[in-house]
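Colleague: Below is the sequence, then the predicted model.
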Amino acid sequence: MRLCVYLLEGRGLGVKESYYVKLKIGKYKSKSRVLKSNENSIWNEEFVFRVCDLDDELAVSVYRYDDRDHGLFGNSGGEFVGRVKIPVWSVAAEENRNLPPTWFSVERPKSVKFIDNDCGKLLLSLSLHGGDQDHSNESKLTSSNDSHSSRKIGESKHLMKSLAGRLEKLLHKKDEIPTTSDNSSSEVSAAASDHEDSAPEPSETSCTFEESIELVKSTNGNNETPENLPGGILLDQTFGVSPKDLNKILFAPNSDFMTNLAELQGTTDIHEEPWKLISEEGGKSCLRRVVTYTKAATKLVKAVKATEEQIYIKANNNNEFAIHVIVSTPDVPYGNTFKVELLYKIIPGGVMMSSSSGEESARLVVSWAVNFSQQTMMKGMIEGGARQGLKESFDQFLSLLSQRFKVVKDISDKDQMLANLETEHKSCLELAVQYFWNFTVVSTVFMLLYVLVHIFLCGSHELRGLEFGGLDLPDSFGEIITCAVLVLQLERVYYMILYFVEATLRRENDHGIKARGDGWVLTVALIEGANLASTNSTETPDPYVVFTCNGKTKTSSVKLQALDPQWNEILEFDAVEEPPSVLDLEVFDFDGPFDQVSSLGHAEINFLKHTSAELADLWVPLDGKLAQSCQSKLHLRIFLDNNNGVETIRDYLANLGKEVGKKLNLRSPHRNSTFQKHFGLPPEEFLVSDFSCSLKRKMPLQGRLFLSARIVGFYANLFGHKTRFFFLWEDIEDIRVLPPSLASVGSPLLEIILHKGRGLDSRHGAKVLDEQGRLHFYFHSFVSFNVASRTIMALWKTRTLEPDQKAEIEEDERDDDGGKAFLLEESGPHFAVEDAKMTKVYTMELPLNIKSLMKMFEGGELEHKVMSKSGCLNYVTATWENVTSEVQERRVCYKFSHRISIFGGEVNSTQQKSTLPNDNGWIVNEIMTLHNVPFGDHFRVQFRYQMEKSLFAHNSCKCDLYIGLIWLKNTKFEPRITKNVIGMFTRRSQEILQLVEREILLTCQ
């Protein structure tokens, strides 16, 4: 027989320090965890003991815990506080051999005299489960020939009578707590001395399965859906059946599906108890049943008996169900040390690919875990065997269920979702009908037609008042009001037509540009926005979205005057060799490509905290004062794919190995799976390396440091107490190597400092939070500190290098001439036939001669140095070529840093230079084309630098700058963009000339 003891709670134990509980029956012992002193302490622990004789007693002893008594050579017994003794036969005498939760008084040691022998209470629940000895023990209890058994039955009856009397007192006097007056009572009466405080036994209700489900919905409908169990997902599939019907087929009594499954798997001796609706505290109901069966024999394990306890933990009116199943197999090897847990979640399915009739679908998710009640060295083998057996079982389960119901694909399928998105774009005619079909337009058209018909019917009329030929004045105040209303209506309709034309012609964005290269490709589908804020209460914003990932940006189109814009655009980032960690997005109100744009809200999406299904259909709330006040949000669909498979990971490890100086091998699938399970990471995360080390906090904690392409994670398991945390490489501000110290046991320390406000989820692993709000982590005692530090530094530098810095490194490795030729293959802009209307923006006197100033246009070291400092990236120039005998021409290309423009943006320009008459100076004309900025294809920027000798000072010159815009397309934003561009380039040109002056003067000194 097996005695299950549930240690639930303690009350008034009178121990100022920490304490714990020891349990003993016969030769079997166990111990609870240590709790700190508290008036009401909760354990909620379960213990299982083997019972050979009903005469045995369960002794539950309370001990004071002292750290000094638990050292290497200390006494581990602790100070004895008190004890509860419970005879096993008293549990066997209960109905169904289950003793409900009951408060037992803890008696002090008899060797010490106390006025009150009671020193607190323990809340215990016991149940006795018998095997082959059940019937013999029952006959032993009921046999009148055995005087020993008769005595126990009599004492049991006395116990029940005492309990009934005390419950009656409790019902009449809830505020009075009975006390035990007879300190020398028998152990049997002491064991039941506090039955008056026992919790009321849950009531059971018998009704049909459908009625029980409805009752559970009425009481448990607000329960949260539980998380998947940590063992992993066994089944995640959507079927063409309603969730209610699927729940009924799987768990209704005498289900024909479960019968067919049992025949397929060879399961026999199935016995299903009826579902019982048990009322719990708080007015909630719990639906439970027990199913027993004999599992078929396998190659390794003989046929064994199994018991399933099935519990409904959620059911609501949205047809969401969650069923927790606990499977016990005590006859298998080490079967008494563990139980297998399953969690069935049935929820409404998503949109089906092939279903257009509106049929319901249900998504079934089954997860599993192994719960160990005792420590065993065979834990890994048990988990592996359970995983393999469950996988085979649920493969048969899915096969049989697929024969009965159609398996449908969920909306999370990338190709289908993007295809649907492409088809969502409406034609211009449909958009026009939808936009203009409103009261304003209809009423204006009606009034206009009405007036025209009136004019046609009236014909000519005689002149009145001050009228003369050709001048017809209103004849009444009503005509004046009618004319004013008609004019206002026509003006409003005119602006609506202008807005519609602008929105239709707007095409400047990254939508539809396909990703290039092999590796990790990020695809973002921007669907719509909702409740966007406005920076000006009198104007509607013109929003657009800027996405940033791994230092690269993608920009959506500008939606004119829209609080709830509809984009339906697909943006793809070029492939990279390491998977991205986060996607930053920010919504701006458009006011020119170089203006200080107003932010309408921002957000950060961490790919490690979302599953692929969640990313496939995600509403992102925006942060920021304006966004939060309006509850702004964006609707996105995000997909992260590796288009080169495992070769991408191999190439990444090979390149990283060159930095580390050590070959890095691809880890096994099992190792990667364990790593993902430790930190709850998505399946695309792969382990790069791991090291044994200690985490320095108040006390050193030995564990392992895991390194992947995106995270740094620490995991430790000290006697079942698990410590785990991780943070992103992008969160790290600095990494330092500290010298050995006594606190680090003579080992160098690796200090990792995070940026302010980053990695807050892992703050429990940090040793210090400094005044600037940065977390500091300390790791030491590496087996090989040099290898660990090199690997960590290489990974950090790889993740934190900007794409521009990576491009510069690659450029240095190329041949300079070849690189320049490659970058300048694209044709630059050509001078327009008609020059733009130029505006003189400033005149600057420089203490330089013209020859020195013209070095700025020679493509030498001075030009590259100045342009780099002014915010130009990848600056490349071609050599000057003769166009005519007096004019020379060259091309220049570079990229703006984000300091100059939030969009980045690329520049291609053509420059021409010629001398002034009498060789008095130079004129440099430039036409610039902007790429990857809003409305960049609508205009060109033209510059004219006129440099001549100064008339006021020797060895100095004067520089006049003219700027103009050449418009290629019309747009509503011409004045705004013109003002923004001219102002930005005026300030930028002044900054460049000041840098030239400073560099030349420093060189001369």
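Modeller: Perfect, thanks for sending it.
Colleague: just so I have it, where are all the helices in the stretch 851-1000 of the chain?
Modeller: 861-869, 974-1004 (DSSP state H, counting those that start in this stretch).
Colleague: Sorry, wrong one. I was asking about the stretch 201-350 of the chain.
Modeller: Under DSSP H, counting those that start in this stretch, the stretch 201-350 of the chain gives helices at 209-220, 243-251, 256-265.
Colleague: can you tell which of those helices is closest to Asp574?
Modeller: helix 243-251 (41.6 Å; C-beta to C-beta). Quick note: C-beta positions are derived from backbone N, CA and C, even for glycine.
Colleague: chain center to that closest one: distance?
Modeller: Distance of helix 243-251 from its chain centroid, counting by C-alpha atoms, centre = their mean, to the nearest Å, is 31 Å.
Colleague: Show me what it is packed up against.
Modeller: helix 209-220, helix 256-265, strand 321-328, strand 338-348, strand 362-372 (3 or more C-beta pairs under 8 Å, 6 or more residues apart in numbering; DSSP states H and E).
Colleague: Looking at the ones you listed, which is nearest to Phe782?
Modeller: strand 362-372 (31.1 Å).
Colleague: Could you check the angle that closest one makes with helix 243-251?
Modeller: 40 degrees (axes from the mean of the first three to the mean of the last three C-alpha atoms, to 10 degrees).
Colleague: tell me which residues in strand 362-372 are buried?
Modeller: Buried residues in strand 362-372, counted by 16 or more other C-beta atoms under 10 Å: Ala362, Arg363, Leu364, Val365, Val366, Ser367, Trp368, Ala369, Val370.
Colleague: Including pLDDT and distance to Leu235, could those residues go into a markdown table?
Modeller: Shown next, in a markdown table, are the buried residues of strand 362-372 (pLDDT from 0 to 100; distance: C-beta to C-beta, whole Å):
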| residue | pLDDT | distance to Leu235 |
| --- | --- | --- |
| Ala362 | 88 | 12 |
| Arg363 | 88 | 10 |
| Leu364 | 91 | 6 |
| Val365 | 90 | 7 |
| Val366 | 92 | 4 |
| Ser367 | 90 | 9 |
| Trp368 | 89 | 10 |
| Ala369 | 91 | 15 |
| Val370 | 91 | 17 |
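Colleague: Which secondary structure state does the closest residue in space to Gly519 that isn't next to it in sequence sit in?
Modeller: Nearest residue to Gly519 in three dimensions, chain neighbours excluded: Ala575, at 3.7 Å (C-beta to C-beta, 6 or more residues apart in numbering). Assigned state for Ala575: strand (three-state reduction, DSSP: H, G, I helix; E, B strand; the rest coil).
Colleague: tell me the contacts of Ala575?
Modeller: Ala515, Arg516, Gly517, Asp518, Gly519, Trp520, Val521, Asn643, Asn644 (C-beta atoms under 8 Å, 6 or more residues apart in numbering).
Colleague: Grab the nearest non-local neighbour of Ile270.
Modeller: The nearest residue in space to Ile270 (C-beta to C-beta, 6+ apart) is Tyr293, at 4.5 Å.
Colleague: Relative to Lys305, how far out is the one you found?
Modeller: 8 Å (C-beta to C-beta, to the nearest Å).
Colleague: list residues touching both of those two?
Modeller: Asp269.
Colleague: what about the nearest residue to Gly266 once chain neighbours are set aside, neighbour count?
Modeller: With C-beta to C-beta, 6+ apart as the criterion, Gly266 has its nearest non-adjacent residue at 3.2 Å, and that residue is Ala296. Ala296 sits with 14 neighbouring residues when counted by other C-beta atoms under 10 Å.
Colleague: Tell me if I'm right that Ala296 and Gln265 touch.
Modeller: Yes - counting by C-beta atoms under 8 Å, Ala296 does reach Gln265; the two are 6.2 Å apart.
Colleague: Straight-line length of stretch 531-545, end to end?
Modeller: 15 Å (C-alpha to C-alpha, to the nearest Å).
Colleague: Show me the contact partners of that stretch.
Modeller: 509, 526, 529, 555-565, 567, 585-591, 598, 600-601, 624, 626-627, 629-634, 934.
Colleague: Enumerate every residue touching the residue nearest to Gly266.
Modeller: So, once contact is read as C-beta under 8 Å, 6+ apart, Ala296 ends up touching Gln265, Gly266, Thr267, Thr268, Ala303.
Colleague: how close does the residue nearest the centre of the chain sit to Leu583?
Modeller: The C-alpha lying nearest the average C-alpha coordinate of the chain belongs to Lys609 (C-alpha atoms, centre = their mean; 2.6 Å). Distance of Lys609 to Leu583, given as C-beta to C-beta: 12 Å.
Colleague: residues near Ser629, how many?
Modeller: 10.
Colleague: for it, helix, strand, or coil?
Modeller: Taking three-state DSSP, the label given to Ser629 is helix.
Colleague: and stretch 685-697, how far out from the chain's middle?
Modeller: 22 Å.
Colleague: Oops, could you answer that again for stretch 223-233 instead?
Modeller: 16 Å.
Colleague: and that stretch, which residues are buried?
Modeller: Buried residues in stretch 223-233 (16+ other C-beta under 10 Å): Asn228, Leu229, Gly231.
Colleague: And for stretch 262-278?
Modeller: Quick answer for stretch 262-278 (16+ other C-beta under 10 Å): Gln265, Thr267, Glu272, Trp275, Lys276, Leu277, Ile278.
Colleague: Restricted to strands, list the residues you listed.
Modeller: Glu272, Lys276, Leu277, Ile278 (DSSP state E).
Colleague: how's the protein carved up into domains?
Modeller: The record's domain parsing of the chain by the TED database lists 2-129, 209-409, 520-642, 646-808, 839-1004.
Colleague: Out of those domains, which is the most enclosed?
Modeller: Counting by mean count of other C-beta atoms under 10 Å, domain 520-642 has the highest mean neighbour count of the domains of the chain, with a mean of 19.
Colleague: tell me the mean pLDDT over it?
Modeller: Domain 520-642 shows a mean pLDDT of 85.
Colleague: CA-only coordinates of stretch 969-976, as PDB, when you get a sec.
Modeller: Output in PDB follows, covering the C-alpha atoms of stretch 969-976 (Å, rounded to 0.1, in the frame of the first residue of the first chain):
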ATOM      1  CA  LYS A 969       6.600  66.000 -60.300                       C
ATOM      2  CA  ASN A 970       4.000  68.100 -58.700                       C
ATOM      3  CA  THR A 971       3.100  67.600 -55.100                       C
ATOM      4  CA  LYS A 972       1.100  69.400 -52.400                       C
ATOM      5  CA  PHE A 973       4.200  69.600 -50.300                       C
ATOM      6  CA  GLU A 974       6.300  71.700 -52.600                       C
ATOM      7  CA  PRO A 975       6.600  74.800 -50.400                       C
ATOM      8  CA  ARG A 976       7.200  72.700 -47.300                       C
END
